[in-house]
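> sequence plus the predicted model coming up.
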Amino acid sequence: MMKSTHSGERAFWPWLLQRVSAVFLLVLVVAHLWIEHFMHLGQPITYQSVVRRLMRGLFDAVDYGLLIVVVYHALNGVRNIWLDRGWSRQRLWVASTMLWVIGLATVVVGADILSAFLNTRPWFYL
Amino acid sequence: MERVTLRIRRYNPDDDNGAYWQEYSVDIEPGDVVLQALMRVREDLDGTLAFRASCRSGICGSDGMVINGWPRLACKTQVSDVASKSGMIQLEPLYNLACLKDLVVDQEPFWTQFSRITPWLMPDPAVPEPEKERLMVLEPDAFDLLSKASDCIFCQICFAACPIVGLDRDFLGPQALVKAYRFEADPRDQGHQTREAVLGAPEGVWRCRTTFNCTEACPKGIPITRTIQLLKRALVREAIFS
């Protein structure tokens, strides 16, 4: 149907990544709920048990993944709302940059907290 | 014979009072459509009422208007389907287009977006013109979809039903996109390079939020949202794999 060309603006990445992150979100939220509520059914949830779990890479990977995917999906969703408002490109660029800063800061802080369990001390000491 | 009341949003640009609602009571026969009731108003009650109509049979697409809050063709809408229990029908000009007078709207933004997608077949100039006719080979399902996309009558109802058109005036709109699909899906067309810049731009296919309003409102039953999704998929495939 369509022939290959590379001209024109590539505006599809945010559109595509919103859908890809939605799929990851679904998988990771189900994993998160299962880990939190069903994996140790009947046992009391204590700080020590949570720390023990977060010292294992697989469970950390789920939380790191959830952190990144939730932040991206949520902030890209906000950008989509702004897109629909018909903002100028300049205004949208400023707003998108602001969202990237907020998103990266959130991921860094979240990763810093999680890293303390896996590495015995945080990556960034925030 | 029954009696219905048409509550019409009137607007006269020469009158400083702005828009207002006016009610007309008319007799209707079983099987009457809204357009017939409107014509009775104009012929018998108020000759100043302005609305567009031409073929009266759902072919020309002239009489699109908002009937009880939803864009429809007046000539294809049965009075009995839309009249309330008290026999009231509310009529407004199409949304997302400026009102010129009563139920007549300014179509300029619609046609501007339509022209942006170069809506004509662009054959490969390297292929010599065939002596008889240009052969088009398509699978039955693909041909069926292309055929449906060709059914558009330019009634602007999808344009009025789209919430994104109302928010972003730069958005191409569903009708321009379904027409773009009609040519992009045609194996005889070689105009993709020309259209891609418009379709792939932020105001192109990506602005569609798949609310399905256009598909639901289309009086010709064109699966508009599906064709827009096919355009998106083709652009993604092209960007990633080529």
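Sure, I can see it.
> rest of the way, CA atoms for contacts and neighbours
Noted.
> I'd say B:D189 and B:P123 touch.
Yes - between B:D189 and B:P123 there is a contact under C-alpha atoms under 8 Å: 4.9 Å.
> where does pLDDT dip in chain B?
Residues of chain B meeting the criterion pLDDT under 70: none.
> centre-most residue in it?
B:Q156 (2.7 Å; C-alpha atoms, centre = their mean).
> enumerate the residues of chain B near chain A.
Residues of chain B lying close to chain A by C-alpha under 8 Å from any C-alpha of the partner chain are B:164, B:167-170, B:184-187, B:192-193, B:196-198, B:200-202, B:206-207, B:234-236, B:238-239, B:242.
> run the last query once more with 6 Å
Contact residues, chain B versus chain A (C-alpha under 6 Å from any C-alpha of the partner chain): B:L167, B:D168, B:A185, B:A197, B:A201, B:P202, B:E238.
> where does chain A have its least confident helix or strand?
In chain A, no helix or strand scores lower on mean pLDDT, DSSP states H and E than helix A:47-54, which sits at a mean of 86.
> roughly how far is that helix from the heart of the chain?
Helix A:47-54 sits 22 Å away from the centroid of its parent chain (C-alpha atoms, centre = their mean, to the nearest Å).
> give the buried residues for it.
Neighbour-count burial for helix A:47-54, counted by 16 or more other C-alpha atoms under 10 Å in any protein chain shown, picks out A:R53, A:L54.
> which residues touch the spatially closest residue to B:R188 that is not a sequence neighbour?
Excluding its sequence neighbours, the residue lying closest to B:R188 (C-alpha to C-alpha, 6 or more residues apart in numbering or on different chains) is B:P123, at 5.8 Å. Contact analysis of B:P123 by C-alpha atoms under 6 Å, 6 or more residues apart in numbering or on different chains lists B:R188, B:D189, B:Q190.
> please report the distance of B:R226 from B:A160.
18 Å (C-alpha to C-alpha, to the nearest Å).
> with A:M39 instead?
A:M39 is 51 Å from B:A160, by C-alpha to C-alpha.
> who has more neighbours, the two?
B:A160 (28 against 11; other C-alpha atoms under 10 Å in any protein chain shown).
> report the secondary structure state of that one.
At B:A160 the chain is in helix, as set by DSSP: H, G, I helix; E, B strand; the rest coil.
> for it, give me its contacts.
So B:A160 contacts B:L94, B:Y95, B:N96 (C-alpha under 6 Å, 6+ apart).
> let me know the closest of the residues you listed to A:L66.
Among the contacts of B:A160, B:N96 lies closest to A:L66 (C-alpha to C-alpha), at 39.8 Å.
> domain-wise, how is chain B divided?
If you go by automatic domain parsing, the domain ranges for chain B are B:2-105, B:108-241.
> not counting residues beside it along the chain, what's closest to A:T106?
A:V71 (7.6 Å).
> what about that neighbour, helix or strand, and which?
Counting by DSSP states H and E, the element that carries A:V71 is helix A:57-84.
> returning to what we had before: of the residues of chain B next to chain A, select the buried ones using a PyMOL command.
Here is the PyMOL command that selects the buried residues among those (16+ other C-alpha under 10 Å):
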select buried, chain B and resi 168+185+197+201+202
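> could the residues of chain B next to chain A be laid out in a markdown table, adding secondary structure?
A markdown table is the format used below for the residues of chain B next to chain A (three-state DSSP):
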| residue | secondary structure |
| --- | --- |
| B:L167 | helix |
| B:D168 | coil |
| B:A185 | coil |
| B:A197 | helix |
| B:A201 | coil |
| B:P202 | coil |
| B:E238 | helix |
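> quick one: the helices in chain B, in order.
B:34-40, B:79-82, B:108-116, B:140-149, B:157-161, B:163-167, B:174-184, B:192-199, B:213-217, B:224-241 (DSSP state H).
> highest average neighbour count across those?
Highest mean neighbour count of the helices of chain B: helix B:157-161, a mean of 28 (counted as mean count of other C-alpha atoms under 10 Å in any protein chain shown).
> from the chain's centre, how far out does it sit?
5 Å.
> check which helix or strand the nearest residue to A:V62 once chain neighbours are set aside maps to.
Nearest residue to A:V62, sequence neighbours excluded (C-alpha to C-alpha, 6+ apart): A:L28, at 6.4 Å. Using DSSP H and E, A:L28 sits within helix A:12-37.
> quick check: mean pLDDT across that helix?
If you average the pLDDT over helix A:12-37, you get 93.
> could you list the buried residues of that helix?
For helix A:12-37, by 16+ other C-alpha under 10 Å, it's A:F12, A:P14, A:W15, A:Q18, A:S21, A:A22, A:F24, A:L25, A:L28, A:V29, A:A31, A:H32.
> quickly name whichever of those is closest to B:G18.
A:W15 (41.2 Å).
> name the nearest residue to the closest one, sequence neighbours excluded.
B:W206 (6.6 Å).
> if I look at the one you found, how far off is B:N213?
16 Å.
> what's the neighbour count on residue 62?
You didn't say which chain, so I picked chain A. Around A:V62 there are 17 residues (other C-alpha under 10 Å).
> should've been chain B
Neighbours around B:S62, by other C-alpha under 10 Å: 21.
> what's the answer for B:G64, then?
Counted with other C-alpha under 10 Å, B:G64 comes out at 30.
> which ones are touching it?
B:G64 neighbours (C-alpha under 6 Å, 6+ apart): B:R72, B:L73, B:C155.
> fine by me, thanks again.
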